[in-house]
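Visitor: A predicted structure for the sequence below; I have some questions about it.
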Amino acid sequence: MAELVFFSGTMDCGKSTLALQMDHNHQARGRSGLIYTKLDRAGTDVLSSRLGLSTAAHEVSDDLDFWDAVVEQATNGLRVDYLICDEVQFYTPAQVEQLAKLVDEMGIDVFAFGITADFRTQLFPGSRRMIELADQVQVLQVQALCWCGRRATHNARVVGGVMVVEGEQVVVGDTKPGSEALVEYEVLCRRHFMRRMNSAAARNAAASPDVLPFDLDVCPVPQL
Ligand SMILES: Nc1ncnc2c1ncn2[C@@H]1O[C@H](COP(=O)(O)OP(=O)(O)O)[C@@H](O)[C@H]1O
Ligand SMILES: Cc1cn([C@H]2C[C@H](O)[C@@H](COP(=O)(O)O)O2)c(=O)[nH]c1=O
């Protein structure tokens with residue numbers, strides 16, 4: 001039975017890597033799939049993983065209709081057994097509905113990958129619809145970690161070293177510390193997200209004479 005599965009997790013937890021692995025495993029067993037992504041950090045028409053692997057992919061634009069796209073492939077004689085859909089948080093809710101329809105009406109497996117919430121902890125519209133419609137929502141087993149060592153559950157946006165909670169929902173960026181980009185991201189545990197304490201803020205606080213000692217027990221100095 002075909003399924004709509006949403007693999008979710010924070011940034012940098014291995015979603016794109018898993019997407020590539022799933023495509024590889026299904027292909028290896030003779031299944032035929034289509035790969036989609038949107039706004040991958042590596043550019044257009046590519047699905048990339050921080051592990052260094054990447055593959056060609058169809059870029060999803062807001063006006064793409066997945067149903068029409070798959071029908072067109074089938075009309076051209078291409079068998080479609082499954083779809084790999086990365087960065088699904090950026091898809092429109094209507095596109096997520098089209099994916100569900102492909103599962104139900106055409107028996108095509110859809111494996112979708114994405115973050116659920118933005119830097120303000122608000123669900124992306126595409127992810128919300130995925131959670132509402134998916135047969136399964138799987139949280140990735142590989143855990144990204146907060147600087148304190150706890151499991152990271154939130155994606156913080158950092159501008160000039162400072163965590164921000166206002167701005168455009170969509171700004172493509174990476175979690176690599178010290179990059180030249182104006183906007184970067186850092187995954188944090190909820191406690192440190194709520195305190196707006198990213199690793200740079202924690203380092204500054206640890207160096208400040210104003211910080212009470214018990215705070216340092218809860219927030220060890222980040223070793224980054
Ligand atoms: N140099 C490395 N050695 C081993 N694993 C790495 C390395 N760089 C990145 N990774 C792994 O890749 C993961 C990020 O993979 P990626 O698929 O790009 O994440 P996502 O799509 O969820 O943002 C990291 O959590 C880490 O497990
Ligand atoms: C939190 C957050 C993230 N983004 C962007 C940043 C990246 O380009 C992608 C996530 O990619 P990953 O493969 O999961 O690392 O989403 C954004 O636009 N807005 C946000 O709030």
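Guide: All right, it came through fine. Numbering: from 1, shown residues only. Ligands and ions are numbered 1, 2, ... in the order given.

Visitor: and the chain, what are its domains?
Guide: 4-139, 154-215 (the TED database).

Visitor: least reliable of those domains by average pLDDT, please.
Guide: Sorting the domains of the chain by mean pLDDT places domain 154-215 lowest, at a mean of 89.

Visitor: measure how far it is from the centre of its chain, please.
Guide: Chain-centre distance of domain 154-215: 18 Å, with Cα atoms, centre = their mean, to the nearest Å.

Visitor: secondary structure class for Gln73?
Guide: helix (DSSP: H, G, I helix; E, B strand; the rest coil).

Visitor: so how far is Val103 from it?
Guide: 16 Å (Cβ to Cβ, to the nearest Å). All C-beta spots, glycine's among them, are computed from the backbone N, C-alpha and C.

Visitor: walk me through which strands the strand or helix carrying Thr55 pairs with, and which way each runs.
Guide: In the assignment (DSSP states H and E), Thr55 maps to strand 54-56. If you go by DSSP bridges, strand 54-56 pairs up with strand 46-48 (antiparallel).

Visitor: hmm, the partner strand touching ligand 1?
Guide: No: figure legend: strand 46-48 not in contact with ligand 1 (Cβ under 6 Å from any ligand atom); closest approach 7.2 Å.

Visitor: so is that strand next to ligand 2?
Guide: No: applying Cβ under 6 Å from any ligand atom, one finds strand 46-48 separated from ligand 2 by no less than 8.4 Å.

Visitor: contacts for that strand?
Guide: 16, 19-20, 35, 37, 40-42, 54-57, 84, 86 (Cβ atoms under 8 Å, 6 or more residues apart in numbering).

Visitor: select from the residues you listed the one having the most neighbours.
Guide: Neighbour tally across the contacts of strand 46-48 (other Cβ atoms under 10 Å): the maximum, 30 neighbours, falls on Asp86.
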